[in-house]
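K.L.:
what follows is a predicted protein model with its sequence.
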Amino acid sequence: MIIRRERGQASVEMVLMLVLMVGVMAFVSTTFRQNEIFASLVSGPWKQLSGLIQNGAWGDPESTMTIHPNRQSRVSSVRGDLVE
């Protein structure tokens, strides 16, 4: 049997695509929450950035603490360095 009137076919297809997209988004959302993907995406680079913010060098804050510019003796004066 051939149906000649296809007035509602576009609406039905749009509803089916909407249901499919909502289902896919719900699946992806629960998967990301269970595997903590967003947490690892944020915490990984933040560790490097916190080292740069705190110590002025790329890396985690504990390992870059020794190369912080204020930890080195770069002080100079007109009178010279004191000899002990």
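P.N.:
Here it is on my side, so go on. Residues are numbered from 1 along each chain as shown.
K.L.:
from here on, contacts and neighbour counts on C-alpha atoms
P.N.:
Will do.
K.L.:
for this structure, just list every one of the helices.
P.N.:
Per DSSP state H, the chain carries helices over the ranges 9-35, 37-55, 61-64.
K.L.:
so for the first one, what gets flagged as buried?
P.N.:
Which is helix 9-35. By neighbour count with 16 or more other Cα atoms under 10 Å, helix 9-35 contains no buried residues.
K.L.:
on that earlier part again, quick one: the helices of the chain as CSV, columns for distance to residue 70 too.
P.N.:
As requested, these are exported to CSV (distance: least, Cα to Cα, whole Å):
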stretch, distance to residue 70
helix 9-35, 40
helix 37-55, 9
helix 61-64, 12
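K.L.:
dump those helices to CSV, plus mean pLDDT and distance to residue 78.
P.N.:
Putting the helices of the chain into CSV (pLDDT from 0 to 100; distance: least, Cα to Cα, whole Å) gives the following:
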stretch, mean pLDDT, distance to residue 78
helix 9-35, 94, 60
helix 37-55, 83, 28
helix 61-64, 84, 31
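K.L.:
ok now stretch 9-18, how far from the chain's centre?
P.N.:
35 Å (Cα atoms, centre = their mean, to the nearest Å).
K.L.:
one more: stretch 11-27?
P.N.:
For stretch 11-27, the distance to the chain centre is 28 Å (Cα atoms, centre = their mean).
K.L.:
check stretch 49-61 too.
P.N.:
With Cα atoms, centre = their mean, you get 16 Å for stretch 49-61.
K.L.:
ok, residue 54 - contacts?
P.N.:
The contact partners of residue 54, by Cα atoms under 8 Å, 6 or more residues apart in numbering, come to residue 61.
K.L.:
how close does it get to residue 44?
P.N.:
16 Å (Cα to Cα, to the nearest Å).
K.L.:
one more: residue 11?
P.N.:
In terms of Cα to Cα, residue 11 sits 45 Å off from residue 44.
K.L.:
related to what we said a few turns ago, closest to residue 71 out of the helices of the chain?
P.N.:
Comparing these by their distance to residue 71 (Cα to Cα), the top pick is helix 37-55, with 9.7 Å.
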